[in-house]
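In: the amino acid sequence is not available; the structure is as follows:
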């Protein structure tokens, strides 16, 4: 009779996201605890034998975060909420205006721009298909880059 062991598996993308989140918490903790670069390297080396958090495995990151918790650090809850495409389009439009890249910054002008870019009449950005919204976002990013370059010129 053989004994079967259960092996937990996770996708690479989930593991990478978890690693990134934990590294972020480590760096937040370093700042919250007021550690200098030397203090940070000392603690990493004492706890894990590594001098960089990038070299830590899952257990090493857990050990560092547990140590930081004993010193009073509690990671901040993530309140990040990604932009919707509509919100990103509006945000980019405002940024372009802030950099002097627009003659008319009105919402009507934005809708007209998106209509020209997408090749379809747009009455509301919320109903814009994903592909057309992506095209508009890329066009707005290029406009923002041009506006920033033009602003830097003497």
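Out: That came in fine, so what should we check first? Here the structure is a predicted model, which is why all the values come from computation and not from measurement. Residues are numbered from 1 along each chain as shown.
In: switch to C-alpha atoms for all contacts and neighbour counts from now on
Out: OK.
In: sketch out the low-pLDDT regions of this protein for me.
Out: Residues of the chain meeting the criterion pLDDT under 70: 1-10, 78-81, 154.
In: would you map out the domains in it?
Out: Under the assignment automatic domain parsing, the domains of the chain span 12-70, 85-152.
In: off-centre distance for the first one?
Out: On the basis of C-alpha atoms, centre = their mean, to the nearest Å, domain 12-70 sits 19 Å off its chain's mean C-alpha point.
In: before we move on, what about the last one?
Out: Shown here is domain 85-152, whose average C-alpha point lies 21 Å from the average C-alpha point of the whole chain (C-alpha atoms, centre = their mean).
In: save the domains of the chain as JSON lines, and put in distance to residue 77 and mean neighbour count too.
Out: As requested, the domains of the chain are exported to JSON lines (distance: least, C-alpha to C-alpha, whole Å; neighbours: other C-alpha atoms under 10 Å):
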{"stretch": "domain 12-70", "distance to residue 77": "10", "mean neighbour count": "15"}
{"stretch": "domain 85-152", "distance to residue 77": "23", "mean neighbour count": "16"}
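In: in CSV, list these along with distance to residue 76.
Out: Formatted as CSV, those follow (distance: least, C-alpha to C-alpha, whole Å):
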stretch, distance to residue 76
domain 12-70, 8
domain 85-152, 25
